[in-house]
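1. Okay, here's the prediction I keep looking at, along with the sequence it came from:
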Amino acid sequence: MAKRRGGGGEVVLLIIAAIVAAIAFAGPFVIAGWAIFTELRARRYRSATRARDVLEAAELSQFEHCETQLRTLEAEAARLDAQGIGMGLIHRADGGFDERNVKARGLNARLAEVQRRYMDARVEHDAVQQRLESKMSRWLRARSSVVGARAGLITFVIVFALAALNRSPGANTDGAFLGMDPGARLMVSLLATAAAGVAIWIGSSTARGSLAA
């Protein structure tokens, strides 16, 4: 039983070692590929310096129309309510007027019509707003990803060079790296990849916060 447990532990260690080696080997290529992808994705937004710049004039006009429509209907409902109060009508629990007074019936019908139109306008407004926010969010994601990817590339190069030179003082970066044994090369690559990953995350998060402000 002890041998089986020991054998199982060795398998786990081998799997972990294989994963670490794969990250160390593929990490630089993944970081470079991510940087290229983010740069290409951001090209469509190269003329936009803020999120609002990606919206077209027709889209902004439509959104402003929806907001104006909502304000107009809210004002109409408030006017009808004030009219009923001015006539001495009493509110019911649901907000309408007590229809024991004949005058309340006409006002309630008009208020119901305004409420129906308001709900339709609200649905349209929310749909337009969601579409515009989604479009601006894509710009924000693209721009912040570029900042993070650039930070990751710079960090990878710096950490890689420093780690390689630290292991072989006096040699240039290429010579120091090539002079290492395979295990040391993987460790240097793994360290630089991990540092680059942290830099990508911090750079993207920081850029997203500043661009969204």
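-> The structure has been received and is ready for your questions. Numbering: from 1, shown residues only.

2. What are the boundaries of the helices in this structure?
-> 2-42, 57-86, 102-167, 173-178, 182-212 (DSSP state H).

3. Which one, of these, ends up nearest to A51?
-> Relative to A51, the nearest member of these by Cβ to Cβ is helix 102-167, separated by 3.9 Å. Any C-beta I mention is one placed from the backbone N, CA and C, and that applies to glycine too.

4. which other helices and strands contact that closest one?
-> When contacts are defined as 3 or more Cβ pairs under 8 Å, 6 or more residues apart in numbering; DSSP states H and E, helix 102-167 packs onto helix 2-42, helix 57-86, helix 173-178, helix 182-212.

5. Let me know which of those is tucked in deepest.
-> Each of those was scored by mean neighbour count; the highest is helix 182-212, a mean of 17, by mean count of other Cβ atoms under 10 Å.

6. Reformat the helices and strands packed on helix 102-167 as JSON lines; add distance to D94 and mean pLDDT.
-> Compiled in JSON lines, the helices and strands packed on helix 102-167 are given as follows (distance: least, Cβ to Cβ, whole Å; pLDDT from 0 to 100):
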{"stretch": "helix 2-42", "distance to D94": "51", "mean pLDDT": "80"}
{"stretch": "helix 57-86", "distance to D94": "13", "mean pLDDT": "94"}
{"stretch": "helix 173-178", "distance to D94": "76", "mean pLDDT": "51"}
{"stretch": "helix 182-212", "distance to D94": "40", "mean pLDDT": "88"}
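
7. quick one: which of the ones you listed is nearest V102?
-> Smallest distance to V102 across the helices and strands packed on helix 102-167 (Cβ to Cβ): 12.6 Å, for helix 57-86.

8. Now the residue most central in space within the chain: closest residue in space, sequence neighbours ignored.
-> Centroid-nearest residue in the chain, with Cα atoms, centre = their mean: R141, separated by 5.3 Å. Distances taken as Cβ to Cβ, 6 or more residues apart in numbering place R208 nearest to R141, at 7.7 Å, with adjacent residues excluded.

9. just V147 next, same as before
-> The shortest distance from V147 to any non-neighbouring residue, by Cβ to Cβ, 6+ apart, is to A207 (3.8 Å).
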